[in-house]
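Asks: model this:
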Amino acid sequence: MTIDAGDEVAVEYVGRFEDGTVFGTSKYDVAVDQGLADPAETDPDAYGPLVFVVGADEVIQGLDDAVRGMDAGESATVRVPPEAAYGEVREERVREYDVEAFTAMVGTDPTAGMHVEAENGLHGDVVAVREGTVEVDFNHELAGRTLVFEIEILDVEIG
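Replies: Alright, predicted model coming up:
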């Protein structure tokens, strides 16, 4: 019986950008090999299959769509465009703040690459610190990117 909405699936995956760079995986050995995990500091049990209910908006739309019609034991490589993943980069999500106001809000001086969480729950990264201003990008880090997933369906529980 093929996977459909309401079914719970367990999926092993390796997520790559179109240039082949791995950005995420459920496989510990791949994470270590690609420099995503430090074997001395990472618990291998933190890795494992991605488990989600199809059609419940628990994963990006492109991955949810990809597993539909597959069966346990099947593998596929799936290309997911930005509109079915984390969306396009939206310029209105890049905000500029006065350095003093930013420092007062965050409690520390800004540095490029710094990750921040706004009071409204948005997460962002400081992308530039200029004389008197700080630029923070609140787009998802994978926004605007086409993602390529190698997936394997490990298990299916019919919903």
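Asks: elements contacting the helix or strand harbouring residue 150?
Replies: Under the criterion of DSSP states H and E, residue 150 resides in strand 147-157. Identification of packing neighbours for strand 147-157 by 3 or more C-beta pairs under 8 Å, 6 or more residues apart in numbering; DSSP states H and E yields strand 8-17, helix 61-67, strand 75-80. Any C-beta I mention is one placed from the backbone N, CA and C, and that applies to glycine too.
Asks: which outside residues touch it?
Replies: For strand 147-157, the surrounding residues in contact (C-beta atoms under 8 Å, 6 or more residues apart in numbering) are 1, 3, 7-18, 23, 49, 60, 62-63, 66-67, 70-80, 85.
Asks: Could you report the distance from the residue nearest the centre of the chain to residue 58?
Replies: Nearest to the mean C-alpha position of the chain, by C-alpha atoms, centre = their mean, lies residue 142 at 6.2 Å. To residue 58, residue 142 is 16 Å away according to C-beta to C-beta, to the nearest Å.
Asks: now swap in residue 77 and tell me
Replies: Distance of residue 77 to residue 58, given as C-beta to C-beta: 21 Å.
Asks: coming back round to it: any chance of the helices and strands packed on strand 147-157 in JSON lines, with mean neighbour count too?
Replies: Converted to JSON lines, the helices and strands packed on strand 147-157 look like this (neighbours: other C-beta atoms under 10 Å):
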{"stretch": "strand 8-17", "mean neighbour count": "19"}
{"stretch": "helix 61-67", "mean neighbour count": "19"}
{"stretch": "strand 75-80", "mean neighbour count": "14"}
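Asks: mind giving me the domain split of this structure?
Replies: When the chain is parsed with automatic domain parsing, its domains come out as 8-86+142-157, 91-137.
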